[in-house]
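Visitor: Fold the following for me, if possible:
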Amino acid sequence: MGNKKSKSKLQGSLLYVAWVVSLVAMFGSLYFSEIKGYIPCELCWYQRIFMYPLTLILGIGTFQNDSSVKKFVIPLALIGGSISFMHYLEQKIPGFGGIKPCVSGVPCSSQYINWFGFITIPFLALVAFVIITFCMFLIKSKKSIE
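Guide: As a prediction, this is how the structure comes out:
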């Protein structure tokens, strides 16, 4: 009985961590665009499209302690993480940006921040998507807990 309760507590903690990461990522992107005035490029918008729903889904899952949300979270996080990875490569590898040129607005290869020579906004998004995905893979289904 105690083992079942500790597994359930771990599930709730993993959901909570994933939700907090998604909140930080969402508010971080809003901070960069609305307060710092950085105009998001096209790939940044796609990453937001996949991150923002995660905040809502993980929030509901956290407060209801419902680990079944992982079936919705994992696909969103994997696709968003793939876009972040591609965006990061476009910023850091010369010539990689020629695959899909930006139509208008800010070029996707521009770097508003470059902390320590490698941390850019797409890198931060990629880290968030990886942490969320990792937490979801650690969550066991309710069938295996029982």
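
Visitor: show me the contacts for the residue positioned nearest the centre of the chain.
Guide: Central residue of the chain (CA atoms, centre = their mean): F129, 3.0 Å from the mean position. With contact taken as CB atoms under 8 Å, 6 or more residues apart in numbering, F129 is in contact with F50, M51, A77, L78, G80, G81, S84. Using the backbone N, CA and C atoms, a C-beta is placed for each residue, glycine as well.

Visitor: Inside helices: which ones of the residues you listed?
Guide: Using DSSP state H, F50, M51, A77, L78, G80, G81, S84 are the members of those that sit in helices.

Visitor: how deep is the fifth one tucked in, by neighbour count?
Guide: Read that as G80. Neighbours of G80 under the rule other CB atoms under 10 Å: 26.

Visitor: One more: the third one?
Guide: Under the neighbour criterion other CB under 10 Å, A77 is assigned a count of 28.

Visitor: Please point out which parts of the helix or strand L14 falls within sit buried.
Guide: Using DSSP states H and E, L14 maps to helix 2-30. Neighbour counts using 16 or more other CB atoms under 10 Å place 8, 11-12, 14-19, 21-23, 25-26, 29 of helix 2-30 among the buried residues.

Visitor: go on, stretch 110-125?
Guide: Buried, per 16+ other CB under 10 Å, within stretch 110-125: Y112, T120, I121, P122, F123, L124, A125.
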